[in-house]
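# Here you go, sequence then predicted model.
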Amino acid sequence: MIETNPIVKGLLTIHKVITRGLRTSIQKCDEYLVKQAIPPEEAAGFTIYLTSLRYITHSHHLSEDDISFPIFRDLIEAPYNQLMDDHVKIASLLDTLDQQLSGLSFAGIGNLRTLIVEIESLWLPHIRIEEENFTSDRIDKVIEKEKQVKIVEKMSRHGIENSGPGPTSLPFLFYNLEGKEREDFMMHFPWIVKKILVPIIWKVKWKPMKPFLL
């Protein structure tokens, strides 16, 4: 990533994870509609993947509402009311997504695709506004680096607390990234999480998601 500011780097990373999650989910719906079936070996994994996407998206928005926006509001001019309204709208759609995932079958794929497209249509302009307003240059002018690191750490803890089951949410976060971005993201986690828990002990729980991950 070009941006070196820790807050912006974290923002761009989570945006990339969720954007890929939405696009992958839409692509899979398209595949299933063409096949007129959900392959049995992917059914459970697709539900886990979408459930993780729901948790991660909602958790990200909670972290902004509870931590970063209250700090930024007095320091950086941005359309906070619009951004928070977007959070409410997306949260409502995520609740609907949760309902549709109960007993998901091929019969519901068309409606599911429509819903995910609706979420994406709100998500993409929403993150564009954030990324245009919360830049490294603007943040560096008003928040010193040491405080930026503390904000990122606080948001990370808050996010983990609200991201749903670790055995599925962490692999979702790790493996919707690749290369240097994955390495940079994972370096903040304890070694036992990234070397033992996720790849070995928890793998039986998230393995059904593998067809959807990088």
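Perfect, thanks for sending it.
# which ones are touching the closest residue in space to residue 77 that isn't next to it in sequence?
Distances taken as C-beta to C-beta, 6 or more residues apart in numbering place residue 133 nearest to residue 77, at 7.7 Å, with adjacent residues excluded. Every C-beta, even on glycine, is put in place using the N, C-alpha and C of the backbone. With contact set as C-beta atoms under 8 Å, 6 or more residues apart in numbering, residue 133 has these partners: 76, 77, 78, 79.
# One more: residue 54?
Per C-beta under 8 Å, 6+ apart, neighbours of residue 54: 94, 97, 98, 101.
# nearest to residue 123, of these?
Nearest to residue 123 among those: residue 94, at 10.6 Å, using C-beta to C-beta.
# low pLDDT regions in the chain?
For the chain, residues meeting the criterion pLDDT under 70 lie at 1-3.
# ok, which stretches of it are strands?
For the chain, no strands turn up when DSSP state E is the criterion.
# out of all of them, which helix in the protein is the longest?
helix 6-35 (DSSP state H).
# could you say what helices and strands that helix packs with?
On a contact count with 3 or more C-beta pairs under 8 Å, 6 or more residues apart in numbering; DSSP states H and E, helix 6-35 meets helix 40-63, helix 109-133, helix 136-142, helix 145-161, helix 166-174, helix 179-186.
# Using neighbour counts, pick out the buried residues of the longest one.
By neighbour count, with 16 or more other C-beta atoms under 10 Å as the criterion, the buried positions of helix 109-133 are 109, 112, 113, 115, 116, 119, 120, 123, 126, 127, 130, 133.
# Report the central residue of this structure.
The residue lying closest to the centre of the chain (C-alpha atoms, centre = their mean) is residue 18, at 3.6 Å.
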